[in-house]
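In: Could you look at this predicted model? Sequence included:
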Amino acid sequence: MKKLFYSLYALFFNISRVFPLKKNLVAFVAPHNGGNGDSLSVMRSYFEKKGGYKTVGISTQDLKLDSSSIGSLIKSCLKAAGFFTFGAYRLARAKYVFLNDNFMPMASLKFSKDAVITQLWHAEGAFKKFGLSAPVTDDVREREKKCSEKLTYIICSSKSVAPFYAEAFGVDIKKILPLGSARIDSLLCKTDALALRREFDAANTECIGKELVLYAPTFRDSPEKDSALVEKIDIEAFNREFPQKRLLVKLHPQIHSATVPEGATDVTSYDIGKLTLICESVITDYSSVCMDFALLSKPCIFYAFDLDEYEHERSFYFNYESGVPGPVAKDFESLIEAIKNPRNSEEKLRSFREFNFDYIDCNNAERIFNAVISTNS
């Protein structure tokens, strides 16, 4: 079915290529998610504030059908049809294209030689292996390679991680631009953390006056393993040990079998950037959410109760236990101790931060804009 969708999209795109590129048209493609604080949305806002460009968004969210009513179903079907027709037409005519993930139909698209296609990616640094560095099926690997062939530039957050990105996308390292991640601008400079906290407390009154600790694990490969992610946290014991703290739980979008237990606050629907700003620390496992907290020099604690099994299925760019920016706990008792002494790994946090971020400022979007537009306008 996916191949049929890819072929259908390519058909409309390649027909639309009979029309010339619009030099001021910029397409922002979100193959999966594109929230308000991600690099794709930050770059789009930058273009719109700059002026002189017309921006269009293309999102696979338009393919979701709403069957709650006949009217909603018809509306969502029309939206899906627009994705394949008007969406493909706009992409075909855009001089500049930005993405935040692999857009699989791109493997079959015949872009103009004058189109400039920039992969912003949706995470910073190098943590878990991804793209062509990770285990994927032969079919996915071949399609990802063809997608990468279309890219003009790939943005990363530091020179140190550039070789990993070249490997993950299967491209010459000259295509990798270590200019920083655009979403860092919104994390560091454009948000009032105190106002965010007041807004959060108003909606979650149980959190008023308490230090917020975020638990944000990544997904596993089965419903049973996903459920274990919350079952391995003893909420009652946490609340007894830390009455001055409140545990917030953010489940990964691909976790469907687990529920947030009573005694913790469910923040699954909240933007991760905003949570980073209002939380004192994070407990995670193998999620790149640690990048945001490390960027802000906030304590990161790693609850890796299934590390051996996870490493067998998916490896990292470094030795996990010595390379992550914080203490590693493999059982709940060790986790409690790590939460009590989160600053014991400040040297690990500092070196991790320096390795993954060359720029810790508010000029990331500007650097990307200048590199992409100035060179190709």
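Out: Arrived safely, thanks for sending.

In: What are the boundaries of the helices in the stretch 51-200 of the chain?
Out: 70-84, 86-93, 138-149, 162-169, 183-188, 193-203 (DSSP state H, counting those that start in this stretch).

In: could the ones you listed go into TSV alongside distance to Leu132, mean neighbour count and mean pLDDT?
Out: Yep, even glycine has a C-beta here, placed from its N, CA and C like the rest. Shown next, in TSV, are the helices of the stretch 51-200 of the chain (distance: least, Cβ to Cβ, whole Å; neighbours: other Cβ atoms under 10 Å; pLDDT from 0 to 100):
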stretch	distance to Leu132	mean neighbour count	mean pLDDT
helix 70-84	27	14	86
helix 86-93	24	21	95
helix 138-149	6	16	94
helix 162-169	6	20	97
helix 183-188	24	23	89
helix 193-203	37	13	95
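
In: out of those helices, which comes closest to Glu346?
Out: With Cβ to Cβ, the closest approach to Glu346 among these belongs to helix 183-188: 19.8 Å.

In: Touching the closest one from outside, list them.
Out: The contact list for helix 183-188 (Cβ atoms under 8 Å, 6 or more residues apart in numbering) reads 37-39, 42, 124, 157, 273, 276-277, 292, 295-296, 357, 359-365.

In: Buried subset of the residues you listed, written for PyMOL?
Out: Burial among those is assessed by 16 or more other Cβ atoms under 10 Å; the matching PyMOL selection reads:
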select buried, resi 37+38+39+42+124+157+273+276+277+292+295+296+357+359+360+364+365
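
In: From the contacts of helix 183-188, which land in helices?
Out: Taking DSSP state H, the ones among the contacts of helix 183-188 that sit in helices are 39, 42, 273, 276-277, 292, 295, 364-365.

In: For Leu188, see how far away the residue nearest the centre of the chain is.
Out: Nearest to the mean C-alpha position of the chain, counting by Cα atoms, centre = their mean, stands His122 at 3.6 Å. Using Cβ to Cβ, to the nearest Å, one gets 18 Å for the distance from His122 to Leu188.

In: Ok, Ala27 next?
Out: Distance of Ala27 to Leu188, computed by Cβ to Cβ: 27 Å.

In: now Asn376
Out: Distance, Asn376 to Leu188, by Cβ to Cβ: 28 Å.

In: The residue nearest to Phe169 when sequence neighbours are not counted: what's it in contact with?
Out: Distance criterion Cβ to Cβ, 6 or more residues apart in numbering; nearest residue to Phe169, sequence neighbours excluded, is Ser148 at 4.4 Å. Listed by Cβ under 8 Å, 6+ apart, the contact set of Ser148 reads 132, 169-171.

In: Mind picking the lowest-pLDDT entry from these?
Out: Ranked by pLDDT, those bottom out at Leu132 (93).

In: quick revisit: and which of the contacts of Ser148 is nearest to Asp285?
Out: When the contacts of Ser148 are compared for distance to Asp285 (Cβ to Cβ), Leu132 wins out at 23.6 Å.

In: pLDDT score for the residue nearest to the centre of the chain?
Out: pLDDT, read off for His122, is 89.

In: Excluding chain neighbours, give the residue nearest to it in space.
Out: Asn100 (4.5 Å).

In: same check, this time on Leu63
Out: Nearest to Leu63 is Ala80, by Cβ to Cβ, 6+ apart, at 5.1 Å.

In: does the one you found really touch Gln61, like I thought?
Out: No: taking Cβ atoms under 8 Å as the definition, Ala80 is not a contact partner of Gln61, at 10.2 Å.

In: overlap in contacts of those two?
Out: Overlap of the contact sets of Ala80 and Gln61 (by Cβ under 8 Å, 6+ apart) is empty.

In: distance between the ends of stretch 288-302?
Out: Start to finish, the residues bounding stretch 288-302 are 11 Å apart (Cα to Cα, to the nearest Å).

In: So what's the gap between it and the chain middle?
Out: Centroid displacement of stretch 288-302 relative to its chain, using Cα atoms, centre = their mean, to the nearest Å, is 14 Å.

In: any idea of the mean pLDDT for it?
Out: Averaged across stretch 288-302, pLDDT comes to 93.

In: cool, and stretch 235-250?
Out: Here stretch 235-250 scores 96 as its mean pLDDT.

In: Of all the residues in it, which ones are buried?
Out: Quick answer for stretch 235-250 (16+ other Cβ under 10 Å): 235, 238, 242, 245-250.
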